[in-house]
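Novice: This is a predicted model, with the sequence first.
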Amino acid sequence: MNNSFLETIKTRRSCRHYKAEQITDDELNAVLEAGTYAPTGHGKQDPVIVAVQNANVRARLAKMNAAIMGVDSNPYYDAPTYVLVFASEGNANAVKDGSCVLENMMLAAHAIGLATCWINREQEMFQTEEGKKMMKELGLADGLIGIGAISLGYASREPRPAAPRKEGWIKIVK
């Protein structure tokens, strides 16, 4: 079956090399809007999306994430935009809902020619005192937890082709 959306899914790859050039506001808004159309448990639309383009805030986030990862490099790969996703701590579907938001944004970004990489450790980052302070600075409500993030920008390298799909991944029961 040939379908442009299925092709988008098949060709999206994680990007770890970005151009310094910032994406346009129209591109950013398209990606963010796609996140708002992700499915959420009971239709609550609980996740909160925060796009960060400010260089100082990005540097602080990178330092926090790197400390948890135990590295000195930038875990966001020096992308010009980071997009963080939070959800309510008491929401049993928080991680699932936030993950759907992140995936929608990654697919939308790829569809319009942007590159992304899923970034981990936001849950741990925002449990720290520094992370809680930053959440307040970002104007976020109390009771949210970090779910994940994406690095977002223009790729500076061509992605590698997809690895062959493993055998036995799919089972069909009729």
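Specialist: Thanks, I have the structure now. The structure displayed is predicted, hence computed values, not measured ones.

Novice: Pretty sure Val95 sits against Ala87.
Specialist: Yes: the criterion here is CB atoms under 8 Å, and Val95 meets it with Ala87 at 7.4 Å. The way it works is simple: take the backbone N, C-alpha and C, and place the C-beta from them, glycine included.

Novice: The two: which has the busier surroundings?
Specialist: Ranked by neighbour count (other CB atoms under 10 Å), Val95 and Ala87 place Ala87 first, with 25 against 15.

Novice: circling back: touching both of Val95 and Ala87, which residues are there?
Specialist: Counting by CB atoms under 8 Å, 6 or more residues apart in numbering, the common neighbours of Val95 and Ala87 are Ile147.

Novice: Centre of the chain to the strand ranked longest in the chain, how far?
Specialist: Ranked by number of residues, the top strand in the chain under DSSP state E is strand 144-153. Here the centre of strand 144-153 is set off from its chain's centre by 4 Å, with CA atoms, centre = their mean, to the nearest Å.

Novice: Would you mind putting the CA coordinates of it into CSV?
Specialist: The C-alpha coordinates for strand 144-153 follow below in CSV (Å, rounded to 0.1, in the frame of the first residue of the first chain):
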residue,chain,number,x,y,z
LEU,A,144,3.3,18.5,36.6
ILE,A,145,5.9,16.0,35.7
GLY,A,146,8.4,15.9,32.9
ILE,A,147,7.5,13.3,30.3
GLY,A,148,10.1,13.8,27.5
ALA,A,149,11.3,16.2,24.9
ILE,A,150,12.4,16.6,21.3
SER,A,151,15.3,18.4,19.8
LEU,A,152,13.9,20.3,16.7
GLY,A,153,15.6,22.0,13.8
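
Novice: Pairing partners for it, with directions?
Specialist: Strand 144-153 pairs in its sheet with strand 81-88 (antiparallel), strand 115-119 (antiparallel), by DSSP bridges.

Novice: most tightly surrounded among the ones you listed?
Specialist: strand 81-88 (a mean of 24; mean count of other CB atoms under 10 Å).

Novice: Now the element after that strand, going C-ward?
Specialist: Downstream of strand 81-88, the first helix or strand assigned by DSSP states H and E is helix 94-111.

Novice: Mind listing what's buried along that following helix?
Specialist: Residues of helix 94-111 classed as buried: 94, 96-111 (neighbour count, 16 or more other CB atoms under 10 Å).

Novice: what's the offset of that helix from the middle of its chain?
Specialist: 7 Å.
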